[in-house]
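# Take a look and give me a structure for this.
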Amino acid sequence: MGNRQSNVLILALVILGSSVLGYNMWYKKQLALDTNNPVVLNEETLIAKPQIGNHRPDFTLKDMIGLPRSLNEWDNKIIVLNFWATWCRPCLQEIPMFTDIQRQTSDKNIQFIGIAVDDRATVETFLERTGMDINYPILVGNDDAIPVAVEYGNETGVLPYTVIIDAQGIIRYYHFGSIDRVELETELRRITNKTA
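Residues are numbered from 1 along each chain as shown. Just a heads-up that it's a prediction; the model follows:
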């Protein structure tokens with residue numbers, strides 16, 4: 001009985017250690033990919049890009065109170081999708097800018113939507129701890145957010161990742177890594193003028 005419990009404990013420790021090591025390697029890769037420019041890992045492994053000009057894929061994820069929300073709720077709006085996580089420093093640096101631009105463009109048919117690659121409890125704790133006031137919907141995907149990001153061209157899980165969809169539901173822009181305010185506002189003006 002003692003040997004069996006020891007073997008189970010050793011097996012559990014090995015599995016836990018492997019999981020932690022895998023996560024640590026993935027996290028370090030995310031930090032290494034922290035950039036303001038589109039990222040290329042190497043010539044053989046180009047990061048997938050969304051098909052500019054294609055209609056956006058629809059998806060449904062839960063919001064911060066646990067209600068399912070479909071992207072088609074925001075049809076006929078210019079949508080800024082931002083994939084982020086509470087552990088991603090560049091993601092957190094973007095949020096105040098997004099909140100400010102959302103406030104300034106509330107009359108221009110622009111809707112920011114954050115997609116958290118976290119569970120709801122983690123996001124709630126983060127918001128309470130930081131006191132961050134986000135004025136746009138946060139959809140919580142955890143593992144369910146990953147296939148959505150892949151559908152939008154982010155096959156390697158780079159965060160933050162931002163996609164702009166025009167009012168007709170067409171993908172017009174994407175950005176891997178932190179986005180500069182000037183670039184984002186320029187793209188929004190271009191898309192707004194095109195659809196006006």
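
# most centrally placed residue in this structure?
Phe83 (0.8 Å; Cα atoms, centre = their mean).

# hang on, it is in a helix, isn't it?
No: according to DSSP: H, G, I helix; E, B strand; the rest coil, Phe83 belongs to no helix; its state is strand.

# gap between it and Phe176?
Phe83 is 10 Å from Phe176, where distance means Cβ to Cβ, to the nearest Å. All C-beta atoms are positioned from the backbone trio N, CA, C, and that covers glycine.

# Tell me where the chain has helices.
2-32, 89-104, 120-130, 145-151, 181-195 (DSSP state H).

# which stretch in those is the model least sure about?
Among those, helix 2-32 carries the lowest mean pLDDT, a mean of 50.

# From what I see, Val163 and Gly169 are in contact.
No: look at Val163 against Gly169 with Cβ atoms under 8 Å: they stay out of range, at 12.0 Å.

# Mind checking which of those two has more residues around it?
Applying other Cβ atoms under 10 Å to Val163 and Gly169 shows that Val163 carries more neighbours, namely 23 against 18.

# got a list of what the more buried one touches?
Pro50, Val80, Leu81, Tyr152, Gly153, Ile171, Tyr173, Tyr174, His175 (Cβ atoms under 8 Å, 6 or more residues apart in numbering).

# how about those in JSON lines, adding pLDDT and neighbour count?
JSON lines is the format used below for the contacts of Val163 (pLDDT from 0 to 100; neighbours: other Cβ atoms under 10 Å):
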{"residue": "Pro50", "pLDDT": "66", "neighbour count": "19"}
{"residue": "Val80", "pLDDT": "97", "neighbour count": "25"}
{"residue": "Leu81", "pLDDT": "97", "neighbour count": "24"}
{"residue": "Tyr152", "pLDDT": "93", "neighbour count": "24"}
{"residue": "Gly153", "pLDDT": "89", "neighbour count": "18"}
{"residue": "Ile171", "pLDDT": "95", "neighbour count": "22"}
{"residue": "Tyr173", "pLDDT": "95", "neighbour count": "20"}
{"residue": "Tyr174", "pLDDT": "94", "neighbour count": "21"}
{"residue": "His175", "pLDDT": "94", "neighbour count": "20"}
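
# Spatially, which two of those residues are the most separated?
The span of the contacts of Val163, defined through Cβ to Cβ, is set by Val80 and Gly153 at 15.1 Å.

# Phi and psi next, for Ile134.
Main-chain dihedrals, Ile134, degrees, to the nearest 10: phi -100, psi 120.
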